Structure formats: C-alpha cells, structure tokens
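**Student:** I'd like to go over a predicted model; first the sequence, then the structure.
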Amino acid sequence: MKKLIAVLLPLLMSSSALSEEVIGAADGPTSVFVAEQSLLSKGLLVTAGGLCGVFLVLILFFITIKLMQKVLK
C-alpha cells in the first residue's frame, strides 16, 4: 500500500508542490512527502470559496421560498 501511495501521490500533484524527506526506521529508510505551504493555502482558499458558494445558494433558496409564500397568500 505504501508503494502504491508513493507512486500515485506525485502523479496527482505537481512535483514542485512536494518535497521528499527520507527518514530512517528500523526496517530501512522511509520516504515522507511534505506539501508546501502554498499548496495547502490554495486548497483552503478553494474550499472556502466552495463553502461560500453553497451558502449563497442556500440563502437564495430561502429568499425564493419566502417570496413565493408571500405571493401565494
């Protein structure tokens, strides 16, 4: 499983966004991929933008429902 992750992770992310650290263990060296700060901050910005979009749609649905309730009375 570790080998599969080690092969797929660089394919999913650009190589410039990752740095590889090698640490020693009892069973041999282990590679640890560490994401740079810019990659994490971009992900957080995209997530925050998506959440804002979801809340905007919910607010528009709420307003539409309230307007239709007033019209149907």
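**Tutor:** Okay, I see it.

**Student:** okay, now the domains of the chain?
**Tutor:** Domain assignment for the chain by automatic domain parsing gives 1-35, 37-73.

**Student:** need the longest helix for the protein.
**Tutor:** The longest helix of the chain (DSSP state H) is helix 37-72.

**Student:** weakest of the domains of the chain in terms of mean pLDDT?
**Tutor:** When the domains of the chain are compared on mean pLDDT, domain 1-35 scores lowest, with a mean of 59.

**Student:** Give me the number of neighbouring residues for Thr64.
**Tutor:** With neighbours defined by other CB atoms under 10 Å, the count for Thr64 comes to 10. All C-beta atoms are positioned from the backbone trio N, CA, C, and that covers glycine.

**Student:** actually Lys73, not the one I typed
**Tutor:** For Lys73, using other CB under 10 Å, the count is 5.

**Student:** Over to Ala6?
**Tutor:** 14.

**Student:** how much space between it and Gly43?
**Tutor:** Note on Ala6: its distance to Gly43, by CB to CB, to the nearest Å, is 21 Å.

**Student:** before we move on, what about Lys70?
**Tutor:** 41 Å.

**Student:** Look at these two and report which has more neighbours.
**Tutor:** Higher neighbour count among Lys70 and Gly43: Gly43, with 11 against 8, using other CB under 10 Å.

**Student:** how near is that one to Val57?
**Tutor:** Gly43 is 22 Å from Val57, by CB to CB.

**Student:** can you check Lys3 too?
**Tutor:** Lys3 is 42 Å from Val57, by CB to CB.

**Student:** how near is His41 to Phe55?
**Tutor:** No, residue 41 isn't His; it's Ser. Look at Ser41 and Phe55: by CB to CB, they are 21 Å apart.

**Student:** Looking at Lys3 and Val57, which one has more neighbours?
**Tutor:** Neighbour tally, Lys3 and Val57, criterion other CB under 10 Å: the higher count belongs to Val57, 10 against 7.

**Student:** Now do the same contact list for that one.
**Tutor:** Taking CB atoms under 8 Å, 6 or more residues apart in numbering, we find Val57 in contact with no residue.

**Student:** burial count for Val54?
**Tutor:** 10.

**Student:** what does Thr47 give?
**Tutor:** Neighbour tally, Thr47, other CB under 10 Å: 10.
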